[in-house]
Every structure is written in structure tokens, then in C-alpha cells.
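# Give me the fold of what follows.
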Amino acid sequence: MKKFISLLAMAMFATVSFAQDDASEVEQSPFKGVDNVAKKEHIANKKGIPYVHVREADVMWSKTIWRIIDMREKMNHPLYYPTQPQLDGRRSMVRVMLDAISHGELTAYDAQIGIGHEFERRLDYAAVQSKMGAGIDTVEVRNPDTGLYERQVVTSEMDVTLAKKLLVKEVWFFDKKYSRMDVRIIGICPILEKESEDGERVDQMLGFWVYFPELRPHLMVQEAYNTKNEMQRDSFDDLFAKRRFGSYVYSEANVYDNRTILEFAQGVTDTNLEAERIKSVLFQKEHDVWEY
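Just a heads-up that it's a prediction; the model follows:
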């Protein structure tokens, strides 16, 4: 009897050991999480191209522009989707920003001061969460047993789908050293859309600013969806560097406290015409420095 119990205990111990070995082999398997013909490593190990140093003496002309990227446009869908936390190794543009801020690797700045004051006041992560719809609220709920209304504390999570647009601050300049017109993105700010309390209109508000050069390392390693070839995906940094996004001009630096186009143009037609005029100025400026 004792010999039988000993043999049974040894068999159980061997079974547990084999199960642990199998589990460890699965965890250490190089093919875990690979659901394609090849493991994607290009974007994760990609090194972005650093900015070329620009001297003040080489900048013959410059213009600061604020433009809006509507992520609901088909061309900009790679920036908006996925709306889930993570899908197929992809994250949305705003999700990348929030994850970096939560880990203390990116600084958020208050956007309510107005354009031209993008990086003056820092925001902590709690303030960013509040702007993205997270927080604690008290609502009145009817108790089905007593029929009375009781106060109940409700906790809401961040909702990245609130950010439908991106406000981009950039500087266009002509570099005489390389004899070319160039552009540098300075900052990005999500524009949030929330329904009013009466539910009759949608209010837009600026979320928070982030300094684009500080954000670039996170964009370099985040792949964006390619509708034409899933194995040849670019990073978010490539999308901005190659200007593969649709946008329209919102404001330009001016003597009137950087007022927006909406402050002096009336109607959709006048607003679009003014935005196109600013774009044509940027286009013509490069041609004006040459003689044909």
C-alpha cells in the first residue's frame, strides 16, 4: 500500500512538472502572438530621422500656421482608429499620446490659454483624464424597491473617441543653406467634441497640447494601418513627415493676437477662401525667391 502511494505521488509530481515545463515553453516561444506569415519587427525597431539643425541666420523667411486635421476624413482614418485600447499592435494617435503621458514620458500643457500660448502651463495626468471624460459623478437613480430616488456615485473612464480632430501648430520657413522651403511641426492638440447638457448641440473644446519633438520617439515605433499593403506599414512619424494627411488652415500668426480665421471671416465660403489664400501664400513664397 505504501509503495502504491509513493508511485502515485511520483506520477502526480511528474505530471505537474511536465505541465510547468510546457507552460514555460509556451511563454518563451518566439512565435507567441504572431498571427501573420512573418513577425513584424521593422516599426518596433525603427529609428526616426532626426531634424537637421537650423541656424537663425539661415532662415530667410518663416510663418507660423495652425491647421486642423479632421480624423473622420477617410484619408485620416489611420490616425483615429482603432478606438479600442489596442488592436493588431495598433493604437490611435490620441491613445499614443495618453499612454506616453500616463507613463511620465510626455508632458501635457493647458490648451485653454489660447493659441500662441501652447506650452506655458503644465497639466498633470489627472487633469488630462478629466478632459478626456474620466471622473467621478453623482447621479440620482430610482430604487425599484422603495420607488425613491437615491444618489449613486458613477465612475467614468477616458473616452478617446471624444477627440475627433487635431489642432497642429507648425512653422514654415525657407532655409537658404539648403535652398528649400521646409516645415516643422511644433505641437499637437486634440479637439474634443461633447454633447451639451440639453443634448441639442455639440460643443468643441481644446484638450491639451504636447510638444511634437518630445512626442516623435513614441510616434516612430507606432505603426499606422496601410490599406494597400498590411506588411508595409509606415509609422505615425512617417505620416507627418511625408504630409500624408488631410487638413485645412485654422489660423496664421498675425498682429491681432493670432486671431483665428473664424474671428474675421463670415460664413463657410469666406472662411474657406481665406484658408486657401494662406495656403497659396506659402506656395508662392518659395517661387518668389527664384528668378526664371
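# and stretch 275-285, average pLDDT?
Computed over stretch 275-285, the mean pLDDT rounds to 90.
# actually stretch 175-182, sorry about that
91.
# Alpha carbons of it, as PDB, please.
C-alpha atoms of stretch 175-182 as PDB (Å, rounded to 0.1, in the frame of the first residue of the first chain):
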ATOM      1  CA  ASP A 175      16.300  77.600 -45.400                       C
ATOM      2  CA  LYS A 176      18.900  79.400 -47.600                       C
ATOM      3  CA  LYS A 177      21.600  76.900 -46.700                       C
ATOM      4  CA  TYR A 178      19.700  74.100 -48.500                       C
ATOM      5  CA  SER A 179      17.700  76.500 -50.700                       C
ATOM      6  CA  ARG A 180      14.300  74.900 -49.900                       C
ATOM      7  CA  MET A 181      11.100  75.500 -48.100                       C
ATOM      8  CA  ASP A 182      10.700  73.300 -45.100                       C
END
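# Numbering from 444 from now on, please.
Understood, numbering begins at 444; the last thing we discussed is stretch 618-625.
# Would you map the helices across the stretch 544-693 of the chain?
For the stretch 544-693 of the chain, applying DSSP state H, counting those that start in this stretch gives helices covering 568-574, 655-663, 679-684.
# Ok, which of these comes nearest N519?
For the helices of the stretch 544-693 of the chain, the distance to N519 is smallest for helix 679-684, at 9.1 Å, taking C-beta to C-beta. From N, CA and C alone the C-beta is placed, and that goes for glycine too.
# for the chain, which spans come out with low pLDDT?
444-480, 485, 578-582, 596-598, 642, 734-735 (pLDDT under 70).
# The lengthiest strand in it pairs with which strands?
Across the chain, the longest stretch assigned as strand under DSSP state E is strand 623-638. Neighbouring strands of strand 623-638 in its sheet, by DSSP bridges, are strand 606-618 (antiparallel), strand 645-649 (antiparallel), strand 651-654 (antiparallel).
# rewinding a little: arrange the helices of the stretch 544-693 of the chain in CSV, one row each, with distance to N669 and mean neighbour count as further columns.
Below are the helices of the stretch 544-693 of the chain laid out as CSV (distance: least, C-beta to C-beta, whole Å; neighbours: other C-beta atoms under 10 Å):
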stretch, distance to N669, mean neighbour count
helix 568-574, 30, 16
helix 655-663, 16, 18
helix 679-684, 10, 20
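# For E600, which of those helices is the nearest?
E600 lies closest to helix 568-574 among the helices of the stretch 544-693 of the chain, at 8.8 Å (C-beta to C-beta).
# How far does the closest one sit from its chain's centre?
Its chain's average C-alpha position is 15 Å from that of helix 568-574, according to C-alpha atoms, centre = their mean, to the nearest Å.
# what do you get for stretch 568-586?
Using C-alpha atoms, centre = their mean, the offset of stretch 568-586 from its chain centre is 22 Å.
# got it, and stretch 586-603?
32 Å.
# Now do the buried residues in that stretch.
M601, V603 (16 or more other C-beta atoms under 10 Å).
# any chance of the helices of the stretch 544-693 of the chain in a markdown table, with distance to K489 too?
Shown next, in a markdown table, are the helices of the stretch 544-693 of the chain (distance: least, C-beta to C-beta, whole Å):
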| stretch | distance to K489 |
| --- | --- |
| helix 568-574 | 27 |
| helix 655-663 | 6 |
| helix 679-684 | 8 |
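# do you know which of the ones you listed lies nearest N701?
So among the helices of the stretch 544-693 of the chain, helix 655-663 is nearest, using C-beta to C-beta, at 18.2 Å.
# name the helices or strands packed onto that closest one?
Judged by 3 or more C-beta pairs under 8 Å, 6 or more residues apart in numbering; DSSP states H and E, helix 655-663 is in contact with helix 536-545, strand 623-638, helix 679-684.
# out of those, nearest to I558?
Going by C-beta to C-beta, the one of those nearest I558 is strand 623-638, 9.1 Å.
# Go through the closest one and flag the buried ones.
M624, D625, I628, I629, G630, I631, C632, P633, I634, L635.
# Quick check: the gap between S639 and E613.
Using C-beta to C-beta, to the nearest Å, one gets 31 Å for the distance from S639 to E613.
# ditto for R538
For R538 relative to E613 (C-beta to C-beta), the value is 22 Å.
# what does V653 give?
On the measure of C-beta to C-beta, V653 and E613 end up 14 Å apart.
# now swap in G576 and tell me
28 Å.
# For these two, indicate the residue with more neighbours.
E613 (18 against 15; other C-beta atoms under 10 Å).
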